[in-house]
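Chemist: next comes the sequence, and after it the predicted model I'd like to discuss.
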Amino acid sequence: MAETLNQLSQCFLQTLSANPEPRRRAEASLAEMADKPNYGLTVLRLVAEPAVDEQIRQAAAVNFKNHLRARWAPTPSSEANSNAPGPELYPIPDHEKEQIKTLIVPLMLSSTPRIQSQLNEALALIGKHDFPKSWPTLLPELVSNLRQATDYPSINGILGTANSIFKKFRYQYKTNDLLLDLKYCLDGFAAPLLEIFLRTAGLIDSTASSGGTATALRPLFESQRLCSRIFYSLNFQDLPEFFEDHMNEWMTEFRKYLTTTYPALEGSGGDGLALVDELRAAVCENINLYMEKNEEEFHGYLNDFAQAVWSLLVTASASSSRDGLTVKAIRFLSTVSTSVHHTLFAPTTVLEQICQSIVIPNVRLRDEDEELFEMNYVEFIRRDMEGSDVDTRRRIACELLKGIATNYKAQVTAIISVQIQNMLASFAQNPSANWKEKDCAIYLVVSLATKRDGGTSVFTDLVDVQSFFATVIVPELQSQDVNSFPMLKAGALKFFSMFRNQIPKDVATALMPNVVHFLGAESNVVHSYAASCIEKLFLVKDEGGSRRYNSSDINPFLPVLMNNLFTALRFPESEENPYIMKCIMRVLGVADVSGEVAIHCITGLTSILSEVCKNPKNPTFNHYLFEAVAGLARRVCEKDPSLTSAFEASLSPILETILGNDVTEFLPYAFQLLAQLVELNRPPLPPHYIHIFELLLSPETWQRSANAPALVRLLQAFLQKAPRELTQDGRLSKVLGIFSKLVSASSSEELGFFVLNTVIENLGYDVISAFVPHIWAALFTRLQNHRTVRFVKSLVIFMSLFLVKHGPVTLVDSMNAVQPNIFLVIVEQFWIPHLIMITGTIELKLTSVASTRLLCESPVLLHASAVILWGKLLNSIVTLISRPEQERVEEEPEIPDIAETVGYTASFVQLHNAGRKEEDPVREINDPKEFLVKSLAGLSGLSPGQYPGIINSLR
């Protein structure tokens, strides 16, 4: 054992080496030893060895924690990413786990702070999987140690552990199992928690009153903060009986921390004030929780807490370093403002004080905001424009105003309107010195605007939008110096974007060149907001759904706009600016692009593509980049096919780089662009495309499931454009092999049908007849073994397509040839019940027309023995085509927004602009309802009197 500990000690020492070579050797040795029995236990014993250097023990503690994270409950290899296989991790054996659980608590309590922190995290990792069911001794052990401990490092270690293992009660969904675990924890820990909380409260009082030092107070406040966080966890699901019975004891201390100052600690410098404020912030979260969930039980304490929080905020709002406390305190007042106790805010004097002492001070720009604007534009925009700044002072202060306005709208509007006018007057007196006043006024109008139900349009009662726009915003937009007062310019552009629906078209169009000019601003925020403003303007629609702005509005300054957009991408830190690229994508989707501008754009885009291929790191930017390329190719080459070769020449080297270097993140995009290029060509396809077709049909190409949707898209393009080549050299057999593989799994079944449907659409029956029995056999096998609703709906669509292409008789005979009389079974059990579930314009029309033809042309259904089945099918057709339009049609947005959280994952991201144009297989029929009526009339004419009785029986 001593030899092993010495070897481990040397390895951990080497991992701290500044020299990479011995560090790598040591890490490799540790990784190898980690597979040996009792490795975790041995490392834990090294951590416990007092003779070993502190740094080595700390490195061992970190390794121990990571070892537990990977091996305590390792993810099964089947769930791992199949594209990135790694070595299989052996789980820690049960007997070793039990020994670790026996040793870790006492070791954690006796360790130095840094090691204790690591062991605390390790203990929480174990608790996440084992507590309480597989670790019933943990809670009694923690409670026993808590009651015996006298030193606060140990007490806080225990409370830190409890806080970690109880956090699950905050975020896990309420289930019986969770509530049973919660009851177990409450029964064991609620009383000891109150004991230590009150004991520590007494110590704080006595220490503070006797002139105790900051050093003495610091661990006591940390203890109370941990107790408050545990309080939050244990009360999150419901109000426990114990806490209801002892509410007064808790609330008395909570209120004291909001109303009492502790000069010895708060004035000690360092993090003294921050530590006290962290406790106060935790208290605010607790009383906010009670206000939200236990309002009735809490109302007796509400007035005192509201006054305490209010008074605290007046002081805290004046300090730039107390953000956490300020945000949580304002959130509590916001909760109160929308509750039944909102009358606390009713007096006009109260409303005025809130606006002047709390809201306005927190909305004003601070030095920190200016620094963020200049130094980290991505984070500034994320907070400011994208609504993710709910935890910032500015946003939460406006949320408080909105909450109060729920019941006192007129009063709030009047007060804030006066404040806004005062700010603008102050700015007018001295614009250079008082520009922050105008910024604050604009921010208030934008942040307090309300979105209309069901739309993107916003409105405000604070100002007349058009008047405010003309007098306050337009002067900023018309400024020739795009770099002066950049935060004001950004605010003006944001206002323009926000209220774009309410700005008349002639006014907005006249200002468009000014906004284009701002793309040249040095500030990343300003040129980002300018790009976003232009992009959003082109999304505006008037009543009736028609676009407000079209190509004629943009073409006069299109060359300047595109030049400025591409130039903006050369500013430092904006090389991969997603707002600029999204604007490029949108403009290319609206503008009437000439051949000259198109070549300039595709050259610029492919140059950017070649750079990002080297290191794909911004998935949102890259998605919009590929959308821009696809949109430009679609609009330009469809209008002028002669430009297709120029686009191929520009894109081919990039696509070859992506495929040749296996740029995994971009493969799905490359396949979709290839599909688009294939479809832009006229048959016969050039030889290099046929070579790609051959590679596409090889099984190795389909090994990565993440690429399958894009590969299917490419395969569909080849099936459509190269039907003659498809029938040569066994290619059709390979295609159907791909179909069989895809359709056999529920995760890719729909893709299999996409392939199959494209084969049916583009090849004659004489070509596919030899393969049809194998197709039906594969489908029937899947239907029998593992059917899903999606599979059956796809099967109904496929059978419908088969029928309209080759007729009802061929459909029935080919199915029955595989299994006698299977057709009527399929119709009764699957076609009829699932027909009414079909959605999508083309799919609904196809299946209703096919079902009508089946009804009126198929001998097996017109046979007297099938009369009941015939009536059921008619009933399903009528139900399908009678459903309201909104239920029948799946609407797709023009170009879906890509969330900022999108990443390079196994999920497929479709390029809207490279999407396949869906053909209508029954385009000769305009109205499926009319087709049904005419078909039934024709059928009744052939057999007078036979069908009215059946139809009447359905009513």
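Modeler: Cool, the structure landed.
Chemist: what separates the residue nearest to E828 when sequence neighbours are not counted from L854, distance-wise?
Modeler: In this structure, E828 finds its nearest non-sequential neighbour in L869, 5.8 Å apart by Cβ to Cβ, 6 or more residues apart in numbering. Where C-beta positions appear, they are placed from N, C-alpha and C, glycine not excepted. According to Cβ to Cβ, to the nearest Å, L869 and L854 sit 10 Å apart.
Chemist: overlap of the contact sets of those two?
Modeler: Counting by Cβ atoms under 8 Å, 6 or more residues apart in numbering, the shared contacts of L869 and L854 are V827, L861.
Chemist: neighbour count winner among these two?
Modeler: L854 (24 against 18; other Cβ atoms under 10 Å).
Chemist: which residue is the nearest non-sequential neighbour of that one?
Modeler: P808 (5.4 Å).
Chemist: gap between that neighbour and V849?
Modeler: Taken as Cβ to Cβ, the span from P808 to V849 is 12 Å.
Chemist: coming back round to it: quick check, the residue nearest to E828 in contact with L824.
Modeler: Yes. L869 lies in contact with L824 (Cβ atoms under 8 Å); the separation is 6.7 Å.
Chemist: how many residues are close by F169?
Modeler: So F169, with other Cβ under 10 Å, has 21 neighbours.
Chemist: that one is in contact with S233, isn't it?
Modeler: Yes. With contact defined as Cβ under 8 Å, F169 reaches S233; the gap is 4.9 Å.
Chemist: pLDDT below threshold where in the stretch 51-200 of the chain?
Modeler: Counting by pLDDT under 70, the stretch 51-200 of the chain shows low-confidence ranges at 75-87.
Chemist: pull out the buried residues from the host helix or strand of E694.
Modeler: In this structure, E694 is located in helix 687-696 according to DSSP states H and E. With burial defined by 16 or more other Cβ atoms under 10 Å, the residues of helix 687-696 counted as buried are Y689, I690, I692, F693, L696.
Chemist: Throw the residues you listed into JSON lines and include pLDDT and distance to I115, thanks.
Modeler: What follows is these, written out as JSON lines (pLDDT from 0 to 100; distance: Cβ to Cβ, whole Å):
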{"residue": "Y689", "pLDDT": "91", "distance to I115": "63"}
{"residue": "I690", "pLDDT": "90", "distance to I115": "65"}
{"residue": "I692", "pLDDT": "92", "distance to I115": "58"}
{"residue": "F693", "pLDDT": "92", "distance to I115": "62"}
{"residue": "L696", "pLDDT": "93", "distance to I115": "57"}
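Chemist: avg pLDDT for the helix or strand encompassing L651?
Modeler: Assigned by DSSP H and E, L651 belongs to helix 644-660. Across helix 644-660, pLDDT averages out at 93.
Chemist: what comes up buried for it?
Modeler: T644, A646, F647, E648, S650, L651, I654, L655, T657, I658, L659.
Chemist: make sure the fourth one is actually in contact with L677.
Modeler: Spelled out, it's E648. Yes. With contacts counted by Cβ under 8 Å, E648 reaches L677, the gap being 5.9 Å.
Chemist: in the stretch 151-300 of the chain, what residue spans correspond to helices?
Modeler: Assigned helices in the stretch 151-300 of the chain, in chain order: 152-166, 168-171, 176-209, 214-235, 241-245, 247-259, 263-266, 272-293, 295-316 (criterion: DSSP state H, counting those that start in this stretch).
Chemist: okay if I get these as JSON lines plus distance to P921?
Modeler: Shown next, in JSON lines, are those (distance: least, Cβ to Cβ, whole Å):
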{"stretch": "helix 152-166", "distance to P921": "60"}
{"stretch": "helix 168-171", "distance to P921": "49"}
{"stretch": "helix 176-209", "distance to P921": "51"}
{"stretch": "helix 214-235", "distance to P921": "59"}
{"stretch": "helix 241-245", "distance to P921": "66"}
{"stretch": "helix 247-259", "distance to P921": "69"}
{"stretch": "helix 263-266", "distance to P921": "76"}
{"stretch": "helix 272-293", "distance to P921": "55"}
{"stretch": "helix 295-316", "distance to P921": "60"}
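Chemist: list the contacts for L726?
Modeler: Applying Cβ under 8 Å, 6+ apart, the residues contacting L726 are F718, L719, L732, V735, N762, L763.
Chemist: for those residues, which one is nearest T215?
Modeler: In terms of Cβ to Cβ, no member of those lies closer to T215 than F718, at 75.5 Å.
Chemist: and F459, how far is that from L159?
Modeler: On the measure of Cβ to Cβ, F459 and L159 end up 49 Å apart.
Chemist: compare the two (neighbour count), which wins?
Modeler: With neighbours defined as other Cβ under 10 Å, F459 and L159 compare such that L159 has more, 26 against 12.
Chemist: just the pLDDT at the residue lying closest to that one once chain neighbours are set aside, thanks.
Modeler: Nearest residue to L159 in three dimensions, chain neighbours excluded: L226, at 3.9 Å (Cβ to Cβ, 6+ apart). If you check L226, the pLDDT there is 97.
Chemist: which residues touch L226?
Modeler: Taking Cβ under 8 Å, 6+ apart, one finds N156, L159, G160, A162, N163 in contact with L226.
Chemist: measure it to V378 for me?
Modeler: 34 Å.
Chemist: same question, E535
Modeler: For E535, the distance to V378 - Cβ to Cβ - is 17 Å.
Chemist: more neighbours: which of these two?
Modeler: E535 (21 against 18).
Chemist: in which helix or strand would I find that one?
Modeler: helix 524-537.
Chemist: outside of that helix, which residues touch it?
Modeler: Under Cβ under 8 Å, 6+ apart, the answer for helix 524-537 is 373, 377, 380-381, 385, 482, 486-487, 489-490, 493-494, 496-497, 500, 508, 512, 515-516, 518-521, 549, 561, 565, 568, 571, 573-574, 577, 579-580, 582-583, 586-587.
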